[in-house]
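>>> fold the stuff below for me.
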Amino acid sequence: MILVPASLLRKLPVAGLLLGLLLLATAPAAKAQTWMVSTTAQIKLGVLDKYGQLGPYTATFIVHNERNGKDYYLVKELAKGQTGVDVLFPTDASDPEYFKAESGEAASAIPGRYTWECRVKGVRAVGGHFIFPEVGNDISVVQR
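Numbering: from 1, shown residues only. Okay, here's the model as predicted:
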């Protein structure tokens with residue numbers, strides 16, 4: 001057993017506090033900012049009854065991924081007075097209306113060639129193709 005004088009025991013908390021303050025005062029300052037980044041590409045598709053002759057109708061968008069052969073569907077109901085609609089591909093699966101395969105699988109942003117069409121009252125009204133881009137991110141470190 002080691003005996004420590006009472007006067008030294010009273011000084012230990014003060015010494016510990018001073019040591020802690022010294023360490024905090026000499027801590028190096030942060031020299032760089034760290035960034036988090038995301039990039040999401042989406043393709044806007046749309047259909048418009050230019051002269052508003054149809055009245056209310058259902059627009060069924062079908063996007064075909066030529067790489068994996070999958071089709072993704074999104075159905076939009078247009079009310080009276082609404083002549084057209086634009087949609088984004090792919091749509092977030094958290095959205096109540098999103099592009100999905102017949103299996104329920106949500107479409108994802110896979111780079112490659114796609115074809116699309118919009119059917120109105122079961123008949124192909126418009127269509128086209130697009131190449132979904134490959135995206136990436138660069139991060140710069142900002143020095144203070």
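
>>> list the contacts for the residue most central in space within the chain?
Here the mean C-alpha position of the chain is nearest to the C-alpha of T40 (Cα atoms, centre = their mean), at a distance of 5.7 Å. Going by Cβ atoms under 8 Å, 6 or more residues apart in numbering, T40 touches A109, V135. For every residue, glycine as well, the C-beta is placed using N, CA and C.

>>> helix/strand/coil for it?
Here T40 is coil, with the state taken from DSSP: H, G, I helix; E, B strand; the rest coil.

>>> could you check how far it is from G136?
Relative to G136, T40 is positioned 12 Å away (criterion: Cβ to Cβ, to the nearest Å).

>>> I figured D86 hits A59, correct?
No - the criterion here is Cβ atoms under 8 Å, and D86 misses it with A59 at 10.3 Å.

>>> so which of these two has more stuff around it?
Neighbours per residue (other Cβ atoms under 10 Å) separate D86 from A59, with A59 holding more: 23 against 10.

>>> in three-state terms, how would that one be classified?
Following three-state DSSP, we place A59 in the strand state.

>>> thinking it is in contact with R119, fair?
Yes - contact status for A59 versus R119: in contact at 7.5 Å, counting by Cβ under 8 Å.

>>> one step back: what are the phi and psi angles of the residue nearest to the centre of the chain?
The phi and psi values for T40, taken as degrees, to the nearest 10, are phi -130, psi 130.
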